[in-house]
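# here's a sequence, model it:
(2 chains)
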Amino acid sequence: MSDAIKTQGMWYRAGPDFELHDVSMSVPTGSVYGFLGPNGAGKTTTIRLLLGLHRADRGDISLLDRDVPKDMPDILQRTAYVPETPHLYPSLTVAEAVRYHGAFYKAWDESWTDELFDRFSLPPNQRISKLSKGESGKLLMLLALAQRPELLVLDEPTEGLDPIVRRDILGTLLDYVSEQGATVLISSHLVHELERICDWVGLMDQGRLISEMPMQQFKNGIKRLRIIDPPGTYDNTPFEVLAREPVNGGVPGEMILVQGWSADMAGYFSGVGASLREVVDLDLEDGFVEMLRAYRAG
Amino acid sequence: MFQVILSTQWKWARLPLLLATIAAFTIPVLSVQGAGGSQIQGAMAFRVLAAMENWAVWYPLLAAAIGLLLAVTAWGPDHRQGHSYALSLPLPRWQYAMLRLGAGFVLLAAPAVGIALGSVLASATATVPLGLTAYPAALAIRFTLAAILAFSIFFAIAGGSTRTAGYVLAAMAALLIGHRLLGGGAIDIDVVGPILERLYDFRGPLGIFGGRWMLIDV
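Okay, the predicted model is just below:
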């Protein structure tokens, strides 16, 4: 499978206090890739680099098999972008903004624009500056989808929206993706929301991409294990130990957080004189928090 | 594409542009009224020339103001959004800038028509004294070219980053401060004078703004 987005060794200094370090990410074509990370992790900066809005200091970036920034007009013709903060001209009305935006895209779909207008119940004569947050979010999604893009890059598209609007927007997005086979890179703080829609996930923290993997692997492969008589060190493990911590409440043994776990690896512990007592499943949010904690602990 | 760029710029600039067009129409009419209007034949030629000279300063000022206004309104909304929308559109940056520049040139047609009509009307209603001639077409063309030049310069400055605009302003401020310091000290060196002379000389880049802006002249 080819990658709709690929970066290799991408570096970017955004100021005296923040830098993207050697970001190498791959977003498979046709996937819905959830881009997770705490505030200030570098998600928006990464997205802006992907779209040529910033220039990387080092590294290679390609979108849809074209080079960034060399082939930007062609890439942007096939890519839709929904920014974190609405960037449309506030003095235009909704209808004017749609007409303006549509004039730049060869694949712009007028009839679908009309359909989305009805579906999102957008007021055509309302000024953009007067739109509610929900209406703004819907308008940005309308503009993105009516381009008929092959790739959608969505930076916190549902941030601050109520659950009904969020559901409208994400439902329409998923309909489009399933019909067109488009690729989506979506960043969000709402981990549960991404868990529902994404099939790949990338975790970012402190300017580094700390992990990326299929969602299924992430959900199934990250576990918390309770070990009795743990060894001093875990050597030659078939899984990766992310963190070790004592069990609370005077319970014997220790808890370890592991990545890449599967049930047939349980035999490893008897081989090192320990025993596995409990395997705790983590949901995406727990896994995300634990991975960040383990990463920050070094 | 050009059409939507033009329509946004029109939307952002239409009110001040309308006022500028009215001003461009009115200045030549008022200059003739100031010289005596249809009673101009009774006036001495020097009185007519004096009245024309009184109004002459307003033409280049208005042309420069229109250029500045159109440049600021062309880039202002993009500046306020940090250019992120413009940069995410699927066209090369130079092409986007050219479209905005072209739209500005089209909008300049409004004040150009305003001054052309005002000059023709003012000339037609005035009886020009012997020895003097009305130049409505020359005045209108000169005004339009000056507005195009002003718009192009301000467009280039406004289209750059805030830092670029800062450098331009800082260079101008440094020039003026240097002139003041040197002029007020023991060494009397005129820094600004020769530069302005070069700029506004009829061969200089801003030469069109210098010289005589007269609807009626010898």
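# quick one, phi psi at residue B:167?
phi -60, psi -40 (degrees, to the nearest 10).
# swap that for residue A:258, please
In this entry, residue A:258 is assigned phi and psi values of phi -130, psi 150 (degrees, to the nearest 10).
# tell me the bridge partners for it.
Beta-bridge pairing for residue A:258 (DSSP bridges): residue A:223, residue A:241.
# that one against residue A:222, yeah?
Yes - look at residue A:258 against residue A:222 with C-beta atoms under 8 Å: they come within range, at 7.2 Å. Just so you know, the C-beta spots here come from the backbone N, C-alpha and C atoms, and that holds for glycine as well.
# quick one: common contacting residues for these two?
In the contact map built from C-beta atoms under 8 Å, 6 or more residues apart in numbering or on different chains, the residues linked to both residue A:258 and residue A:222 are residue A:242.
# the more surrounded of those two?
Neighbour tally, residue A:258 and residue A:222, criterion other C-beta atoms under 10 Å in any protein chain shown: the higher count belongs to residue A:222, 27 against 21.
# residues from chain B in reach of chain A?
B:1, B:3-4, B:7-8, B:11-12, B:77, B:81-82, B:84-85, B:87-92 (C-beta under 8 Å from any C-beta of the partner chain).
# all strands for the stretch 1-150 of chain A, in order.
Secondary structure of the stretch 1-150 of chain A (DSSP state E, counting those that start in this stretch): strands located at A:3-15, A:18-23, A:26-28, A:32-36, A:58-63, A:66-68, A:79-82.
# can you list the ones you listed in TSV and add distance to residue B:70, mean pLDDT and mean neighbour count?
As requested, the strands of the stretch 1-150 of chain A are exported to TSV (distance: least, C-beta to C-beta, whole Å; pLDDT from 0 to 100; neighbours: other C-beta atoms under 10 Å in any protein chain shown):
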stretch	distance to residue B:70	mean pLDDT	mean neighbour count
strand A:3-15	34	93	18
strand A:18-23	38	92	18
strand A:26-28	43	95	19
strand A:32-36	41	93	27
strand A:58-63	36	94	18
strand A:66-68	33	93	17
strand A:79-82	29	95	26
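# tell me the contacts of the residue lying closest to residue A:29 once chain neighbours are set aside?
Using C-beta to C-beta, 6 or more residues apart in numbering or on different chains and skipping residues adjacent in sequence, the residue nearest residue A:29 is residue A:4, 4.5 Å away. Residues in contact with residue A:4, defined by C-beta under 8 Å, 6+ apart, are A:27-31, A:63-64, A:150-151, A:183.
# how far away is the spatially most central residue of chain B from chain A?
Against the mean C-alpha coordinate of chain B, by C-alpha atoms, centre = their mean, the closest residue is residue B:63 at 1.8 Å. With distances defined as C-beta to the nearest C-beta, to the nearest Å, the gap from residue B:63 to chain A amounts to 26 Å.
# now the helix or strand containing that residue, how far from the centre of its chain.
When elements are assigned from DSSP states H and E, residue B:63 belongs to helix B:58-80. Its chain's C-alpha centre and that of helix B:58-80 lie 9 Å apart, by C-alpha atoms, centre = their mean, to the nearest Å.
# after it comes which helix or strand?
Counting by DSSP H and E, the element after helix B:58-80 in chain order, helix or strand, is helix B:84-87.
# next structured bit after that next one?
Downstream of helix B:84-87, the next assigned helix or strand under DSSP H and E is helix B:93-107.
# how far is that following helix from where the chain is centred?
Between the mean C-alpha point of helix B:93-107 and the mean C-alpha point of its chain there is a distance of 18 Å (C-alpha atoms, centre = their mean).
# what does the next helix or strand after that helix contact?
Stepping forward along the backbone from helix B:93-107, the first helix or strand reached (DSSP H and E) is helix B:109-125. Under the criterion C-beta under 8 Å, 6+ apart, residues B:17-18, B:20-29, B:31-32, B:37-38, B:59, B:62, B:66, B:134, B:136-137, B:139-140, B:143-144, B:147, B:215-216 lie in contact with helix B:109-125.
# just the buried members of those residues?
For those, burial is judged from neighbour counts taken by 16 or more other C-beta atoms under 10 Å in any protein chain shown, and it is met by B:17, B:20-21, B:23-29, B:31-32, B:59, B:62, B:66, B:134, B:136, B:139-140, B:143-144, B:147, B:215-216.
# can you list the low-confidence ranges for the chain?
Using chain A. Within chain A, the ranges that satisfy pLDDT under 70 run A:1, A:298.
# not quite, I wanted chain B
When the per-residue scores of chain B are filtered using pLDDT under 70, the ranges that remain are B:34-43, B:179-189, B:191.
# right, and the residue nearest to the centre of chain B touches residue B:141 too?
No - here residue B:63 lies out of contact with residue B:141, judged by C-beta under 8 Å, at a distance of 11.7 Å.
# can you get me a residue count around the one residue in chain B that gets nearest to chain A?
Here chain B gets closest to chain A at one residue, residue B:90, 3.7 Å apart by C-beta to the nearest C-beta. Residues near residue B:90, counting by other C-beta under 10 Å, number 16.
# and the residues of chain B next to chain A, which are buried?
With neighbours counted by 16+ other C-beta under 10 Å, the residues of chain B next to chain A contain buried members at B:4, B:7-8, B:11-12, B:77, B:81, B:84-85, B:87-91.
# returning to what we had before: among the buried ones among the contacts of helix B:109-125, name the ones in helices.
Using DSSP state H to define helices, the subset of the buried ones among the contacts of helix B:109-125 located there is B:17, B:20-21, B:23-29, B:31-32, B:59, B:62, B:66, B:136, B:139-140, B:143-144, B:147.
# packing partners for the helix or strand that contains residue A:153?
According to DSSP H and E, residue A:153 maps onto strand A:151-155. Using 3 or more C-beta pairs under 8 Å, 6 or more residues apart in numbering or on different chains; DSSP states H and E as the contact criterion, the secondary-structure elements in contact with strand A:151-155 are helix A:43-50, strand A:79-82, helix A:133-146, helix A:163-180, strand A:183-187.
# how about 7 Å then?
Under the contact criterion of 3 or more C-beta pairs under 7 Å, 6 or more residues apart in numbering or on different chains; DSSP states H and E, strand A:151-155 touches helix A:43-50, strand A:79-82, strand A:183-187.
# can I get these in CSV with distance to residue B:163?
Supplementary listing: these in CSV, determined by distance: least, C-beta to C-beta, whole Å:
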stretch, distance to residue B:163
helix A:43-50, 19
strand A:79-82, 26
strand A:183-187, 29
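# looking at those, which is closest to chain B?
The stretch from the helices and strands packed on strand A:151-155 with the least distance to chain B (C-beta to the nearest C-beta) is strand A:79-82; that distance is 5.0 Å.
# how far off centre is that closest one?
Worked out by C-alpha atoms, centre = their mean, strand A:79-82 lies 14 Å from the chain centre.
# do that strand and chain B meet?
Yes - with C-beta under 7 Å from any C-beta of the partner chain as the threshold, strand A:79-82 lies in contact with chain B, specifically through residue A:81.
# and residue A:147, its phi and psi?
With angles defined as degrees, to the nearest 10, residue A:147 sits at phi -70, psi -10.
# please report how far it lies from chain B.
From residue A:147 over to chain B the distance is 9 Å, taken as C-beta to the nearest C-beta.
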